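J.: No sequence on hand, only this structure:
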């Protein structure tokens, strides 16, 4: 099967975009021909390099929703970008298109382009919170636009948690329920697992036998509140608990630590 993965291209480090790499890798291992489409912007260079290892990749002039002053309104009104993506999809002619959206309003132009191509398509929405819930600028207007597009586009949506599905159904109405499915995130297990691998990893991190390890996996960014986690660990250590904290991830705050 030929599958086109269409990235909203919000960056290389976010979990939603790394999900796209894992999806491409898994589909390729199952024998499918995977073609990934993402922005030519330099912020996508790192992820594009990884995607090129597991899929064919096409980089295009693609402006992400969050690089637009008017966010989703500007995206859906960008008819040239929508036509450009639609033409590319029709040239590839895949059996199915997957649109990767970080949040509900991200990539609405890509959804419309996929619809206009006439080809079967699905979309993963990683975060279903509304713009109003997040106290975003022009939140109510952005939510109204997003809801109108998602309700009328007649797409099948994937969420990565039951709570996200509930949020999306609440936003779009009960009638959309049958079109919204939960597919939990998967992970690739390393070749070596078990006690020996655990001990070698702890030794590599400098963890002593008596220490209890707590960890976080995510983008090292203020949005993920790593400093708050450090405050908690500090208080535990002040109380005499032998705790070692491990953060797995990269981001803008790496230089701070």
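T.: Right, received. Where do you want to start? Keep in mind it's a predicted model, so treat the numbers as computed, not measured.
J.: from here on, contacts and neighbour counts on C-alpha atoms
T.: Noted.
J.: Quick check: residue 147 vs residue 108, distance?
T.: Distance, residue 147 to residue 108, by C-alpha to C-alpha, to the nearest Å: 10 Å.
J.: Let's test this: name the helix or strand in this structure with the lowest mean pLDDT.
T.: helix 195-204 (a mean of 90; mean pLDDT, DSSP states H and E).
J.: Looking at residue 147 and residue 108, which is more packed in?
T.: When residue 147 is set against residue 108 and neighbours are counted by other C-alpha atoms under 10 Å, the residue ahead is residue 108, at 25 against 18.
J.: Would you agree the more buried one is in contact with residue 149?
T.: Yes - counting by C-alpha atoms under 8 Å, residue 108 touches residue 149, with 7.3 Å between them.
J.: show me where pLDDT drops low in the stretch 151-257 of the chain?
T.: 257 (pLDDT under 70).
J.: Run through the strands of it in chain order.
T.: 156-159, 180-182, 212-217, 243-248 (DSSP state E, counting those that start in this stretch).
J.: how is this structure carved up into domains?
T.: Following automatic domain parsing, the chain resolves into domains at 2-182, 195-256.
J.: Report how many residues lie close to residue 85.
T.: There are 25 residues near residue 85, going by other C-alpha under 10 Å.
J.: Could you verify that it is part of a helix?
T.: Yes - Residue 85 forms part of a helix when assessed by DSSP: H, G, I helix; E, B strand; the rest coil.
J.: Excluding chain neighbours, give the residue nearest to it in space.
T.: In space, residue 85 comes closest to residue 113 once its chain neighbours are excluded; the distance is 6.1 Å by C-alpha to C-alpha, 6 or more residues apart in numbering.
J.: which strands and helices sit next to the helix or strand containing that neighbour?
T.: Assigned by DSSP states H and E, residue 113 belongs to helix 108-117. Applying 3 or more C-alpha pairs under 8 Å, 6 or more residues apart in numbering; DSSP states H and E, one finds that helix 108-117 contacts helix 72-76, helix 79-92, strand 96-103, strand 121-127.
J.: Go again with 6 Å.
T.: With contacts defined as 3 or more C-alpha pairs under 6 Å, 6 or more residues apart in numbering; DSSP states H and E, helix 108-117 has these neighbours: helix 79-92.
J.: and the helix it packs on, how far from the chain's centre?
T.: Averaged C-alpha coordinates place helix 79-92 at 22 Å from its chain's average position (C-alpha atoms, centre = their mean, to the nearest Å).
J.: Equivalent analysis for stretch 47-54, please.
T.: Using C-alpha atoms, centre = their mean, the offset of stretch 47-54 from its chain centre is 15 Å.
J.: Now it: average pLDDT?
T.: Averaging pLDDT along stretch 47-54 gives 97.
J.: Any buried residues in that stretch, and which?
T.: 47, 48, 51, 54 (16 or more other C-alpha atoms under 10 Å).
J.: cool, stretch 28-42 as well?
T.: So stretch 28-42, judged by 16+ other C-alpha under 10 Å, has buried residues 28, 33, 34, 35, 36, 37, 38, 39, 40, 41.
J.: What of stretch 54-61?
T.: 54, 55, 57.
J.: so the closest residue to the second one other than its chain neighbours bridges to which residues?
T.: Counting by C-alpha to C-alpha, 6+ apart, residue 34 is the residue found nearest to residue 55 once chain neighbours are left out, at 5.1 Å. Assessed by DSSP bridges, residue 34 has beta-bridge partners residue 3.
J.: Good, we can wrap up now.
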